[in-house]
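*Asks:* Need coordinates for the below:
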Amino acid sequence: MDIATLAGLIGGSVVILFGTLYTGLSPIDIINIPALMITFGGGIAAAIVSNPLKQFTGIPRFTRFAFISASLDKSGLIMTLVSFSERARREGLLALEDDLVSLDEPFLKKGIQLVVDGTDPELVRNILETDINNIQQRHNAGILFWGDLGNYLPAFGMIGTLIGLVQMLKNLGSGDPSAIGTGMAAALITTLYGTIGANLIALPIEAKLRLRDQDEVLMKSIMLEGILSIQSGDNPRIVQDKLSSFLPPAERSSLEQEERRG
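*Replies:* Okay, the predicted model is just below:
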């Protein structure tokens, strides 16, 4: 579970609730079912209109990664690729076929299989880069949905406010000043919902999913370069130096220490 996502959502909700109570309002004062329907129902409907329907089947599955910590052991992956390089130089590329059974990562397994089968290096790169592009396209469906929702929620909050203002103006003839204040409060609640929904939920989830996409593409890029280096017969030290360039300086130092211990 991603503690940052949960902490942010819960912390933001608590701060808003505290602010509401501090102003003398109760949570019930800001609960309005029609306003919720207009803001979130309209925002979700608009997001559906702006995206192909067939893409929505994968959105819930990808969205869960905003709430799940990604276990990306880049240093471990690099050491695995270096060990494959050592074995390939020592025993030949065909020896890597024995390691395919133990590989759980489909992308890496596919790349090593292509190398073992003697596929042309340029074709290997094209196939794996196409896989990476397809992964990004699938991710973009979920990212775009949450980005669109973040844009539409404030707009539908404003639409709800306009509807509330129309209702308030309609009741002006009653001569009851309290009705004006009540109507104005109800009208503004939809703007509140739209702003909270966009800035606490939709846009932060979009940003987190973009980070998840970047992390996965980075892992796949490390695999791609490692596979091609193994195929070309590069020295294991060169393979490690090349792949460690994907890491920030702190992780490079950790990788070097781990190698020395090993």
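*Asks:* Could you give me the buried positions within the helix or strand containing F18?
*Replies:* For F18, the element it lies in under DSSP states H and E is helix 3-22. Within helix 3-22, the residues that count as buried by 16 or more other Cβ atoms under 10 Å are 5, 8-9. (Each C-beta comes from the backbone N, C-alpha and C, glycine too.)
*Asks:* after it comes which helix or strand?
*Replies:* For helix 3-22, the following helix or strand on the C-terminal side (DSSP H and E) is helix 33-36.
*Asks:* packing partners for the very next helix or strand once past that following helix?
*Replies:* Downstream of helix 33-36, the first helix or strand assigned by DSSP H and E is helix 42-49. Taking 3 or more Cβ pairs under 8 Å, 6 or more residues apart in numbering; DSSP states H and E as contact, the helices and strands that helix 42-49 lies on are helix 121-170.
*Asks:* relative to helix 42-49, how tilted is the helix it packs on?
*Replies:* Relative orientation of helix 121-170 and helix 42-49, computed by axes from the mean of the first three to the mean of the last three Cα atoms, to 10 degrees: 140 degrees.
*Asks:* helices or strands next to helix 121-170 in the packing?
*Replies:* helix 33-36, helix 42-49, helix 59-63, helix 106-116, helix 177-196, helix 203-232.
*Asks:* Count the residues that sit near L144.
*Replies:* As a burial measure, L144 scores 17 neighbours (other Cβ atoms under 10 Å).
*Asks:* neighbours of the closest residue to it other than its chain neighbours, just the number please.
*Replies:* Nearest residue to L144, sequence neighbours excluded (Cβ to Cβ, 6 or more residues apart in numbering): N51, at 6.2 Å. Applying other Cβ under 10 Å, we find 16 other residues in the vicinity of N51.
*Asks:* now N51, what's its secondary structure?
*Replies:* Secondary structure, DSSP: H, G, I helix; E, B strand; the rest coil: N51 is coil.
*Asks:* check contacts around it.
*Replies:* By Cβ atoms under 8 Å, 6 or more residues apart in numbering, the contact list for N51 reads 141, 144-145, 148.
*Asks:* pLDDT at it, what is it?
*Replies:* On pLDDT, N51 comes in at 81.
*Asks:* And for the one 3 residues further on?
*Replies:* Per-residue confidence (pLDDT) for K54: 75.
*Asks:* Over to A202?
*Replies:* pLDDT recorded at A202 is 95.
*Asks:* What about it, how many residues nearby?
*Replies:* When neighbours are counted by other Cβ under 10 Å, A202 registers 26.
*Asks:* quick one: contacts for it?
*Replies:* Contacts for A202 (Cβ under 8 Å, 6+ apart) come out as 146-147, 149-150, 153.
*Asks:* Return the entry from these with the maximum number of neighbours.
*Replies:* Most surrounded of these: other Cβ under 10 Å gives L153, at 28 neighbours.
*Asks:* what separates it from N199, distance-wise?
*Replies:* With distances taken as Cβ to Cβ, to the nearest Å, L153 is found 9 Å from N199.
*Asks:* Next: W146.
*Replies:* 12 Å.
*Asks:* Same question for M37.
*Replies:* For M37, the distance to N199 equals 20 Å [Cβ to Cβ].
*Asks:* returning to what we had before: will you turn the helices and strands packed on helix 121-170 into JSON lines that also has mean neighbour count?
*Replies:* Shown next, in JSON lines, are those (neighbours: other Cβ atoms under 10 Å):
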{"stretch": "helix 33-36", "mean neighbour count": "15"}
{"stretch": "helix 42-49", "mean neighbour count": "17"}
{"stretch": "helix 59-63", "mean neighbour count": "15"}
{"stretch": "helix 106-116", "mean neighbour count": "19"}
{"stretch": "helix 177-196", "mean neighbour count": "17"}
{"stretch": "helix 203-232", "mean neighbour count": "19"}
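*Asks:* Fine by me, we can end here.
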